[in-house]
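with the input below, show me the fold.
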Amino acid sequence: SFAARTSQADDLQELGNAAEESCPLRFVRMVRGDIDQARHFWRQTAQWRLEYTPGKLLTQPRPGFSDIKHTMTHFYHKRDRKGRLVYFEAMNNPRSAFRSLKQRGISVDDVVEHMTFINEHCYRNMVDDYDAEGVEPKPTGQVVKIMDIQSIGLTDTGGEVSEYFKKIGVMGKHYPERIDRILIINVPTAFGMLWKIAAPMLDRNVRERITMHRGDYFEALSELIDPKDIPEEYGGTCRCPGGCRF
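Okay, the predicted model is just below:
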């Protein structure tokens, strides 16, 4: 079928040539070659950019930046073997994290805005590959994501945690095809039930790029990233001055 053929590089290039005047190629890849659907999602993103103006976040004060970053650990750290940025995120008892942030006057919407700021900074500045009509994506414009969920449990469902993930899911649709691989590591036994809830919220393209690992993740991690570029706490040899996390 036409959609199936778009998985091949040559066909994707053809699609890009056909769609470049109407929407970025990443939106075409997201829907596996359905040009009309790609244009639909691109119009939604264009409208979101017009109303939300995410680029302005880069010039506005970020008063809660340090609180959010220290409470909900996330950081970019070097690149993988293919030159893609590597992003680490540790889910440290998210229910408690949101409770702690709320006590400091930081809401779920503030955290979602923070994560939007992180995306905007990454794609505009760190990889210089921002989606626009007629612009061909760069090979290094994607990210490898490492999610450490050792400290997540059954109590981390519902309430503000659920609200956050739903809003992050909506925001993420405006940055399609940015994730090359997702490694979920330190998977706890209880995560199976949580995954049944979370999986249907993810696009099929995203689900297909996820692999899960318990404590035996280093081999998979080192296949993607040179051990010298993996933080020491995750089994590598990198010891950045001041700490790899910050």
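
just the CA trace of the helix or strand where residue 51 lies, in PDB.
Using DSSP states H and E, residue 51 sits in helix 35-52. Coordinates of the C-alpha atoms in helix 35-52 are reproduced here as PDB (Å, rounded to 0.1, in the frame of the first residue of the first chain):
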ATOM      1  CA  ILE A  35      -0.900  13.800   3.000                       C
ATOM      2  CA  ASP A  36      -4.400  15.100   3.800                       C
ATOM      3  CA  GLN A  37      -4.100  14.000   7.400                       C
ATOM      4  CA  ALA A  38      -0.600  15.400   7.600                       C
ATOM      5  CA  ARG A  39      -1.900  18.800   6.400                       C
ATOM      6  CA  HIS A  40      -4.700  18.600   9.000                       C
ATOM      7  CA  PHE A  41      -2.300  18.100  11.900                       C
ATOM      8  CA  TRP A  42       0.100  20.800  10.500                       C
ATOM      9  CA  ARG A  43      -2.800  23.300  10.400                       C
ATOM     10  CA  GLN A  44      -3.500  22.400  14.000                       C
ATOM     11  CA  THR A  45       0.100  23.000  15.000                       C
ATOM     12  CA  ALA A  46       0.200  26.300  13.000                       C
ATOM     13  CA  GLN A  47      -2.900  27.500  14.800                       C
ATOM     14  CA  TRP A  48      -1.400  26.400  18.200                       C
ATOM     15  CA  ARG A  49       1.800  28.300  17.400                       C
ATOM     16  CA  LEU A  50      -0.200  31.400  16.500                       C
ATOM     17  CA  GLU A  51      -2.300  31.300  19.700                       C
ATOM     18  CA  TYR A  52       0.200  29.900  22.200                       C
END
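
state the next helix or strand along the chain beyond it.
Next along from helix 35-52, by DSSP H and E: helix 65-71.

who are the packing partners of the following helix or strand past that following helix?
Counting by DSSP H and E, the element after helix 65-71 in chain order, helix or strand, is strand 74-79. For strand 74-79, the elements it packs on are strand 85-90, judged by 3 or more Cβ pairs under 8 Å, 6 or more residues apart in numbering; DSSP states H and E. For glycine as for every other residue, the C-beta is placed from the backbone atoms N, C-alpha and C.

go through the helix or strand following the strand it packs on and flag the buried ones.
Once the chain leaves strand 85-90, the next helix or strand it forms, by DSSP H and E, is helix 94-103. The neighbour-count check on helix 94-103 (16 or more other Cβ atoms under 10 Å) flags 94-95, 97-98, 101 as buried.

show the pLDDT at the residue nearest to residue 149 when sequence neighbours are not counted.
Spatial nearest neighbour of residue 149, excluding adjacent residues (Cβ to Cβ, 6 or more residues apart in numbering): residue 91 at 4.6 Å. On pLDDT, residue 91 comes in at 87.

repeat for residue 208
pLDDT for residue 208: 92.

please renumber so the chain begins at 14
Sure, I'll start numbering at 14, so the last one becomes residue 221.

least confident secondary structure element in the chain?
Lowest on mean pLDDT, DSSP states H and E among the helices and strands of the chain sits helix 15-18, with a mean of 38.

thinking again about what came up before, buried residues in the helix holding residue 64?
Buried residues in helix 48-65, defined by neighbour count with 16+ other Cβ under 10 Å: 48, 51-52, 54-55, 58.

re the thing from before, how about CSV for the buried residues of helix 107-116, with pLDDT and distance to residue 207 added?
Below are the buried residues of helix 107-116 laid out as CSV (pLDDT from 0 to 100; distance: Cβ to Cβ, whole Å):
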residue, pLDDT, distance to residue 207
107, 92, 11
108, 92, 12
110, 95, 16
111, 96, 16
114, 97, 21
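
which of these sits closest to residue 129?
Proximity of the buried residues of helix 107-116 to residue 129 (Cβ to Cβ) peaks at residue 114, which lies at 16.3 Å.
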